[in-house]
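Asker: Here you go, sequence then predicted model.
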Amino acid sequence: MQKDEAHIYILDIENVDFQKYQFLITHEEEKKAGNFRQKEDTQRFLAGRIFIKKLLAGYIGIAPELIFIKPGINKKPVATTAENKQLPQFNISHSGNKVLIAISNSDVGVDIEMVEDIDFSSFQSGLFSLQEQQLLSSAKDPTRIFFKLWTRKESFLKAIGLGLIDNLDSLEVTDGIHEFTCLPLKERDFEIITFQLKAGYIASICIEKGVKAVLSYLHGFPF
């Protein structure tokens, strides 16, 4: 991976054989997975952990079982090894039967959402700026715009390691025209790339400006 690249992977987990990769799941991860009420949520979580370990192992040339995921600043997951070998940064999001992963040498955040009909009118207070609310109210497809704005906010906050904040309406992420927007933070600019998948998903990737996103779409684990 080049220094100015972020590798983005979209994984379809519909036909993943989880038993085959059970050895990569730690006791803590198994326990966390067991807390999910829905089987689909458990599978998405496990797929993300398995997939990122396999990918990072390929990048740095070690066995995937030697990579461990732990909470970092503000609980943003980070990867480490027993020897504290330097690892790229990463971020994971999952929805439906898709897992979205970004790997980069710089800060990165991702979010993917399955587009479905919801009553989002109650979400607008404190969530969207006045301009974003106007965009929603005038949109021909407000559901798509809602998920577009939501994934942008999520990906940006995950990139900077904040997670969700109370005053999301202060975070302006689009003007409704461009698919890219730059946001200054501590003398850095971040760029948010939003795209829609044919299967009914919307995803956003937040990377530092100047970093090139390289996208790969995978059906099942390619290894």
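Answerer: Now that the structure is in, tell me what you want to look at.
Asker: show me where this protein has strands.
Answerer: 5-12, 67-71, 77-81, 89-95, 98-104, 108-114, 182-185, 188-197, 201-208, 212-219 (DSSP state E).
Asker: So for stretch 27-42, what gets flagged as buried?
Answerer: Using 16 or more other C-beta atoms under 10 Å as the test for burial, stretch 27-42 gives 29, 33, 42. Where you see a C-beta, it was placed from the backbone N, CA and C, and this is true even at glycine.
Asker: Mind checking which of those land in helices?
Answerer: 29, 33, 42 (DSSP state H).
Asker: So residue 205 is in contact with residue 155, correct?
Answerer: Yes: when contacts are counted by C-beta atoms under 8 Å, residue 205 is listed as touching residue 155 (6.0 Å).
Asker: any common contacting residues for the two?
Answerer: 109-110, 192 (C-beta atoms under 8 Å, 6 or more residues apart in numbering).
Asker: so which of those residues would you say is closest to residue 64?
Answerer: residue 110 (20.5 Å; C-beta to C-beta).
Asker: Count the residues that sit near residue 161.
Answerer: Other residues near residue 161 come to 15 when the count uses other C-beta atoms under 10 Å.
Asker: do you know how far residue 157 is from residue 171?
Answerer: 8 Å (C-beta to C-beta, to the nearest Å).
Asker: cool, residue 65 as well?
Answerer: 39 Å.
Asker: For these two, indicate the residue with more neighbours.
Answerer: residue 171 (18 against 12).
Asker: Could you find the closest non-adjacent residue to the more buried one?
Answerer: In space, and not counting its chain neighbours, residue 171 is closest to residue 153: 5.6 Å by C-beta to C-beta, 6 or more residues apart in numbering.
Asker: can you count the residues close to residue 133?
Answerer: Residue 133: 15 neighbours (other C-beta under 10 Å).
Asker: Ok, residue 68 next?
Answerer: Around residue 68 there are 14 residues (other C-beta under 10 Å).
Asker: List of residues touching stretch 64-71?
Answerer: 23-24, 26, 29, 49, 52-54, 56-57, 77-82, 87.
Asker: Please list only the buried members of the residues you listed.
Answerer: Of the contacts of stretch 64-71, these count as buried by 16+ other C-beta under 10 Å: 24, 29, 49, 52-54, 56-57, 77, 79, 81, 87.
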